[in-house]
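*Asks:* Please find the sequence and the predicted model below.
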Amino acid sequence: MARYNGPKTKISRIFGEPILGNGKWLGKNSNPPGMHGEKRKRKTLGEYALQLREKQKAKYTYGVLEKQFRKTFEEAARRKGVTGENLIKLLEARLDNAVFRMGIAPSRPAARQLVSHKHIEVNGDVVNIPSCQLKPGDVVTIKEGSKAKTSLTSVIRGKNPKFNWLDWSETDLKGTFITYPERESVPENIKEQLIVELYSK
């Protein structure tokens with residue numbers, strides 16, 4: 001699956017929830033996408049279909065492609081603890097996701113673009129790899145030369161206080177990845193156990 005750049009509402013309608021964007025049109029048209037979506041009833045999905053659907057939902061949510069997602073899962077399986085929770089922790093520790101969670105960018109795709117265009121530093125070094133894994137204690141800042149760009153700084157909204165595994169200073173435009181989040185703290189509606197079952201087949 002190549003990275004999806006099409007209509008976000010279409011993906012929301014596939015899963016029946018706003019996994020991309022705010023889903024403001026989802027309430028008006030929650031039918032499956034396509035010209036026959038209104039007439040087609042949602043089928044009761046089998047076990048494999050549910051597992052695959054959960055994996056696709058996670059990939060769309062975090063903007064990760066199949067090969068990268070499998071590598072992340074394999075790393076989660078190698079670590080101590082529950083594999084599903086480890087997977088969510090590793091996805092949350094991605095640099096682009098941290099930039100989004102800190103409020104530097106309004107969405108994950110926008111955060112990925114900021115990182116790719118070399119506007120973000122980690123521990124004082126410019127990093128342009130969105131999938132870069134942060135470790136507890138890593139400091140994320142906006143590059144000094146980019147702080148003067150109003151197009152970048154005007155969209156900074158600040159960190160949501162419920163994301164307690166991150167710290168963000170609006171005056172210094174600096175954030176810290178404090179620790180890996182606990183699963184109950186991550187708001188994404190992903191049943192990670194189904195993903196574990198899928199890869200365990």
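*Replies:* Nice, I can see it. Please read these numbers as outputs of a predicted model, since none were measured by experiment. Residues are numbered from 1 along each chain as shown.

*Asks:* and the end-to-end length of stretch 106-125?
*Replies:* End-to-end distance for stretch 106-125: 23 Å, by CA to CA, to the nearest Å.

*Asks:* likewise stretch 77-97?
*Replies:* 21 Å.

*Asks:* now stretch 179-197
*Replies:* Separation of the first and last residues of stretch 179-197 by CA to CA is 27 Å.

*Asks:* what sits up against the longest helix along the chain?
*Replies:* Ranked by residue count, the top helix of the chain under DSSP state H comes out as helix 47-62. If you take CB atoms under 8 Å, 6 or more residues apart in numbering as the criterion, helix 47-62 is touched by 1, 4, 11, 15, 19-20, 45, 64-66, 69, 87, 91, 94, 97, 108, 188, 190-192, 194-195, 197-198. Any C-beta I mention is one placed from the backbone N, CA and C, and that applies to glycine too.

*Asks:* Type out the PyMOL command that picks the buried ones from those.
*Replies:* Applying 16 or more other CB atoms under 10 Å to those leaves a buried subset, and the PyMOL line that selects it is:
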select buried, resi 11+15+19+20+64+69+87+91+94+97+108+190+192+194+195+197+198
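
*Asks:* tell me the centre residue of the protein?
*Replies:* With the centre of the chain defined as its mean C-alpha position, the nearest residue by CA atoms, centre = their mean is Y62, 2.9 Å away.

*Asks:* Quickly note the distance from that residue to E188.
*Replies:* 8 Å (CB to CB, to the nearest Å).

*Asks:* State the mean pLDDT of stretch 116-136.
*Replies:* In this model, stretch 116-136 carries a mean pLDDT of 96.

*Asks:* go on, stretch 71-82?
*Replies:* Per-residue scores along stretch 71-82 average to 96.

*Asks:* ok, and for that stretch, which residues are buried?
*Replies:* For stretch 71-82, the neighbour count (16+ other CB under 10 Å) marks 72-73, 76 as buried.

*Asks:* now, among those residues, which is nearest to I104?
*Replies:* Among these, T72 lies closest to I104 (CB to CB), at 22.3 Å.
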